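S.K.: could you look at this predicted model? Sequence included:
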There are 2 protein chains.
Amino acid sequence: MDVHEVIERVLARVKPGEGERKLVDSITRELIKIAEEEIEEFGLDVRPVLVGSIAKDTYLSGDHDVDLFLAFPIDVPLKEVREEGFRLARMIGERLEGYEIGYAEHPYVRARYRGFHVDIVPCYDVKDWREVRTAVDRSILHTRWVIENLGGRNDEVRLLKRFFKGLRAYGSEAYVRGFSGYLAEILVIHYGSFLDVLEKADLMLKQKIIDPARWLRREPEIAMKTVGREIKEDNPLIVLDPVDPRRNVAANLSWERFALFYFGAMRFLKSPSEEFFFPRTAVGDYRAELRRKGTHLVTLLFDPPGLVDDVLLPQIEKSARGIARALELEGFTVLGFDYGGDYIFIEVGELSRPAVRVKRGPHFFTEMGRRFYEKNERTWVEGKDLIAEKPQEPYIVDVIEEILERGNVALGKNVREAIRRADILVDFVPRRLEESAYLFLSREQFRV
Amino acid sequence: MDVHEVIERVLARVKPGEGERKLVDSITRELIKIAEEEIEEFGLDVRPVLVGSIAKDTYLSGDHDVDLFLAFPIDVPLKEVREEGFRLARMIGERLEGYEIGYAEHPYVRARYRGFHVDIVPCYDVKDWREVRTAVDRSILHTRWVIENLGGRNDEVRLLKRFFKGLRAYGSEAYVRGFSGYLAEILVIHYGSFLDVLEKADLMLKQKIIDPARWLRREPEIAMKTVGREIKEDNPLIVLDPVDPRRNVAANLSWERFALFYFGAMRFLKSPSEEFFFPRTAVGDYRAELRRKGTHLVTLLFDPPGLVDDVLLPQIEKSARGIARALELEGFTVLGFDYGGDYIFIEVGELSRPAVRVKRGPHFFTEMGRRFYEKNERTWVEGKDLIAEKPQEPYIVDVIEEILERGNVALGKNVREAIRRADILVDFVPRRLEESAYLFLSREQFRV
């Protein structure tokens, strides 16, 4: 199929129709009105601002969470923004159809309204990056910049976002580390179109730095500091945020997710098809995968502490890596590991090891050799070396429990206790993890 | 028990009694007489010489093989010594109670006479090391030197030999690499007594060089050359042969056998007992040992080519080491290996491995990465690296067959074909190898 034909077909699916547009429009207008009423009531100098993909008109059909920000004047103290802003957000939430509290840098409100998710987030009404005080303050600037620069290429963004989704490369959350919506918008604005972005997949990696707002000329010192820091962190791309030279928009993008896009773009340009945007999701059976590979899956299931993913997941990753490394040192073959908010997967070659291990000691004729000989039960000599045999736990579950008890494995500090009390499952996962187990074992997650 | 009491008890068992002495005497005299008659018949200028432990009166009670050498004048050509000497040896053999042919540097005759083993070996009648032409020529010199220097300490030698035997450290054969009888004699002559030798176990290792005939003064150049060579070969001891400065009497002694003596001497001096000389030989069950250790035994059984042990065994060792190394590279845990004239043991942690292996490739965004991506079926990305999954044989027997077929494992050249056609047994050995399997798996062989 011709590439333009494919694009037409995809657009027909991702571009919101007239009815959807009207619905989104009326809902957002109602939300702003409710917010304005509550602000009035409250007697505060706060501006309700719509941000995110709905505000920028880059949302995908059927995928429209509303981001309603409550922008406080920058001379209000932070404590007041946090407390009063949260109180205001809850008051607006009360007017909607149920809400819950979310915790990021500050608490915020996650509500539902006429079937839409609505995030109500207090922030500062900053006019440029110098005024930014909290992480969410930039959103208003982002929204404004995209609206000013997109120049009608909204559908190109929709295509690129859907392309990322189809490749499992979309989302900047800590457990994804893919492309964010804002990054997709910047790439379209910078390179010109959806197809231009794909054609530049290799080039953008080689050039490494994308600077649409020309910060390197306007604020060379600050921008170079950002570049230096990001190069040191070895991130695949450095995209200087058009609204803030201190920030790399792609700071969270992992090499793996970039690679999914890299090979996806290559393959798509060679033989375009709708499949890339809407892959047939035939998730296989993880048990069959275990049989095919002749390997075993060990799962640690735990009750995580109530922390945001950005804090929690890196700690779980660190713990998973630590346990995998410890198992390797204990003599198991570790093929890989993966994790989620309350589990760690470790794929191993065998479930048990010998019941003894040999410990190589010093040369037998040395003073240390004599001590080693006296300290150990079963010793023998190989070449000049004394060798001792020691009993050890053979079964992997016992070994993991020993590793966790011994405590000399690097576990994230907030998850340490939870992981120590984890249930350890072998070659079996609860139903809700079956898909994750399959994606991990088959490596389809990062298959290219 | 007091050490002298122990020594008395051991001596009572290893020192030949009056009756045994008379028997040995009469037998050796008869053998010499038979040899003289055949030499007479043959019309050759050959001298029959008794060598070895009987000639030196250092044999252990009940352990008396006769070494009858046929010493040819040194001006007889080598070919003649070999051919005529062998013919003469066979003629003497015909007069005894059955014989067979042995092959060392030259063919010789192994006969039986009145219940005794008799080796009949042609050699040159050399008067010193400069005349030595074949390996066996030195025996006459050794015998003479020991007789001249032992000074009545024959029983000390008997104690030491029995001590080595009890520790499984006796015998210079290629498959033992322990202390020879001649080495025991030299040590007693050099250090003074059985107990002196034991007390010097550590010192002799530290001094490294034992030179009873003072070759380093008498023939410094030749002796230093020998020392240099033996140091390079990293042998535990350098005992310059009192009859030949070019030779290290301990050249064949392995570190493992020396260690058996080293720790044995230490323990004996601390708490002497007859056990050291006559250990209770309770050989265990190799299957129980496998269960205890939670390991597996792979045995290669083959038909070795007809070669002397000194040539064959090093090649089998090299092959065993090569196969063990290859199995480790293939992902198996190898705990150890051992071998004999027609078998190789390899102890492993598991009998199978995953049915797939992962192959780490180049960075995904390089030209090599692109080629790797195109060449491989299942690829994914970890960090910047492309990874490919490859199928592999999981079962160890198939893996060994593959290793042997592929031919990139270092096998000894004369045993290569035999080992390639070996039968491969798993966790089972023929009855005749059960004891060897136990000694290997329990590491009692070199247990200290």
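M.R.: Arrived safely. Numbers count the residues shown, from 1 in each chain, chains lettered A, B, ... in the order given.
S.K.: stretch A:124-138: how far from the chain's middle?
M.R.: Distance of stretch A:124-138 from its chain centroid, counting by C-alpha atoms, centre = their mean, to the nearest Å, is 23 Å.
S.K.: I misspoke; the intended subject was stretch A:299-307.
M.R.: Per C-alpha atoms, centre = their mean, the centroid offset for stretch A:299-307 relative to its chain is 17 Å.
S.K.: now the end-to-end length of it.
M.R.: 21 Å (C-alpha to C-alpha, to the nearest Å).
S.K.: cool, stretch A:123-138 as well?
M.R.: Stretch A:123-138 has an end-to-end distance of 9 Å (C-alpha to C-alpha).
S.K.: give me the domain ranges for chain A.
M.R.: Here the domain parsing of chain A from automatic domain parsing is A:16-137, A:150-276, A:286-353+A:393-446, A:356-391.
S.K.: show the average pLDDT along stretch A:218-234.
M.R.: Per-residue pLDDT over stretch A:218-234 has a mean of 96.
S.K.: residue contacts, A:Val66?
M.R.: A:27-28, A:31, A:50, A:52, A:54, A:113, A:116-119 (C-beta atoms under 8 Å, 6 or more residues apart in numbering or on different chains). Placement of C-beta: from N, CA and C, glycine included.
S.K.: A:Ile34 sits in which helix or strand?
M.R.: According to DSSP states H and E, A:Ile34 maps onto helix A:18-42.
S.K.: that helix: which residues count as buried?
M.R.: A:23-24, A:27-28, A:31, A:34-35, A:38-39 (16 or more other C-beta atoms under 10 Å in any protein chain shown).
S.K.: just stretch A:72-83 next, same as before
M.R.: In stretch A:72-83, counting by 16+ other C-beta under 10 Å, buried: A:72, A:76, A:81-82.
S.K.: dump those into TSV; add pLDDT and secondary structure as well.
M.R.: Formatted as TSV, those follow (pLDDT from 0 to 100; DSSP: H, G, I helix; E, B strand; the rest coil):
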residue	pLDDT	secondary structure
A:Phe72	96	strand
A:Val76	94	coil
A:Val81	92	helix
A:Arg82	91	helix
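S.K.: ranges for the strands of the stretch 301-448 of chain A?
M.R.: A:334-340, A:343-348, A:356-363, A:378-382, A:385-391, A:423-426 (DSSP state E, counting those that start in this stretch).
S.K.: deepest in the core, which of those strands is it.
M.R.: strand A:343-348 (a mean of 24; mean count of other C-beta atoms under 10 Å in any protein chain shown).
S.K.: could you list the paired strands of that one along with their orientation?
M.R.: With DSSP bridges as the test, strand A:343-348 is paired with strand A:296-301 (antiparallel), strand A:334-340 (antiparallel).
S.K.: circling back to that earlier point, starting at the chain centroid, how far to the helix holding A:Ile34?
M.R.: On the basis of C-alpha atoms, centre = their mean, helix A:18-42 sits 31 Å off its chain's mean C-alpha point.
S.K.: I'd like the mean pLDDT over it, please.
M.R.: 94.
S.K.: picking up where we left off before, of all the domains of chain A, which one is nearest B:Arg168?
M.R.: Comparison of the domains of chain A against B:Arg168 by C-beta to C-beta identifies domain A:356-391 as nearest, at 11.5 Å.
S.K.: what about A:Phe428, distance to A:Leu300?
M.R.: Applying C-beta to C-beta, to the nearest Å, the value for A:Phe428 to A:Leu300 is 13 Å.
S.K.: A:Glu417 too?
M.R.: In terms of C-beta to C-beta, A:Glu417 sits 13 Å off from A:Leu300.
S.K.: would you single out the least confident of the strands paired with strand A:343-348?
M.R.: When I compare the strands paired with strand A:343-348, strand A:334-340 is least confident, with a mean of 93.
S.K.: residues touching A:Glu131, list them.
M.R.: Per C-beta under 8 Å, 6+ apart, neighbours of A:Glu131: A:74, A:124, A:137.
S.K.: picking up where we left off before, quick check on the contacts of A:Val66: which are buried?
M.R.: Buried, going by 16+ other C-beta under 10 Å: A:27-28, A:31, A:50, A:52, A:54, A:113, A:116, A:118-119, out of those.
S.K.: helices - which of the residues you listed land there?
M.R.: Per DSSP state H, helices hold the following members of the buried ones among the contacts of A:Val66: A:27-28, A:31, A:52, A:54.
S.K.: from the contacts of A:Glu131, which is closest to chain B?
M.R.: Ranked by distance to chain B (C-beta to the nearest C-beta), the contacts of A:Glu131 are led by A:Asp137 at 32.9 Å.
S.K.: for the helix or strand of chain A with the lowest mean pLDDT, packing partners?
M.R.: Ranking every helix and strand in chain A by mean pLDDT, DSSP states H and E puts strand A:99-103 at the bottom, with a mean of 86. Helices and strands touching strand A:99-103, by 3 or more C-beta pairs under 8 Å, 6 or more residues apart in numbering or on different chains; DSSP states H and E, are strand A:107-113.
S.K.: ok, now which ones touch the residue of chain A positioned farthest from its centre?
M.R.: Computed with C-alpha atoms, centre = their mean, the residue of chain A farthest from its C-alpha average is A:Phe365, at 56.4 Å. Shown in contact with A:Phe365 (C-beta under 8 Å, 6+ apart): A:384, B:202, B:205-206, B:259, B:262.
S.K.: rewinding a little: quick one: which two of the buried ones among the contacts of A:Val66 are the most distant?
M.R.: That would be A:Gly52 and A:Tyr113, which, of the buried ones among the contacts of A:Val66, are the farthest apart (C-beta to C-beta) at 14.9 Å.
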